[in-house]
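1. Predicted model follows, preceded by the sequence.
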Amino acid sequence: MTAWKTIYLPEAREDLRRLDGSTRLMVRKAIQKVLQNPLPQSEGGYGVSLGNKQGSHLAGCLKIKLLRIGIRVVYRLRYTEHGMEIVVIGARADSEVYQVAEDRLHRQVIEKRNSNRTDKKE
């Protein structure tokens, strides 16, 4: 079985950097644990599927909940690269972390679309 690798969106890397040292360590440990099998629980993995709930459109994304410290990590799988892409690391403040994840993913789609248009013009 091929090992999964961690890929961070630049904003997610900044999220991690902003955490205090002990919280950052707990988040990294949780990510490393899930990295062993980041598939959805329905496929025998550790990931909890998000879907399109509470007005968010996060189908294909999964979450890690660190209940004791009130942090959620939202990620998605990039099967072709065998990567676990971290989208956001944030406090469980209602559904704010999910809105941030949705915004980041939407921005990424737009940037990719604009990049493809630029490539075609050249």
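-> Looks like it arrived, so ask away.
2. Show me what stretch 100-114 is in contact with.
-> With contacts defined as Cβ atoms under 8 Å, 6 or more residues apart in numbering, stretch 100-114 is touched by Leu9, Glu11, Ala12, Ser56, His57, Leu58, Cys61, Val74, Arg76, Val87, Val88, Gly90. C-beta: built from backbone N, CA, C; applies to glycine.
3. So which residues make contact with whichever strand or helix holds Cys61?
-> Taking DSSP states H and E as the criterion, Cys61 maps to strand 58-66. Contacts to strand 58-66, defined as Cβ under 8 Å, 6+ apart, come from residues 26-27, 30-31, 34, 38, 40, 46-52, 71-77, 87, 92, 98, 101-102, 105.
4. likewise stretch 24-36?
-> Outside stretch 24-36, the residues touching it (Cβ under 8 Å, 6+ apart) are 4-6, 16-17, 19, 45-47, 64, 66, 69, 71, 73, 75, 84, 86, 89.
5. which of those residues count as buried?
-> When the contacts of stretch 24-36 are checked for burial by 16 or more other Cβ atoms under 10 Å, the buried set is 4, 6, 16, 19, 45-47, 64, 66, 71, 73, 75, 84, 86, 89.
6. Show me the strands paired with the strand holding Cys61, marking each as parallel or antiparallel.
-> strand 48-51 (antiparallel), strand 71-78 (antiparallel) (DSSP bridges).
7. Save the contacts of stretch 100-114 as CSV, and put in neighbour count and distance to Glu111 too.
-> Formatted as CSV, the contacts of stretch 100-114 follow (neighbours: other Cβ atoms under 10 Å; distance: Cβ to Cβ, whole Å):
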residue, neighbour count, distance to Glu111
Leu9, 19, 11
Glu11, 17, 12
Ala12, 23, 15
Ser56, 19, 20
His57, 15, 17
Leu58, 21, 18
Cys61, 24, 18
Val74, 25, 18
Arg76, 22, 16
Val87, 27, 14
Val88, 24, 16
Gly90, 20, 21
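8. Lowest-confidence entry in those?
-> The member of the contacts of stretch 100-114 with the lowest pLDDT is Ser56, at 71.
9. Quick check: that one touching Tyr98?
-> Yes. Between Ser56 and Tyr98 there is a contact under Cβ atoms under 8 Å: 4.5 Å.
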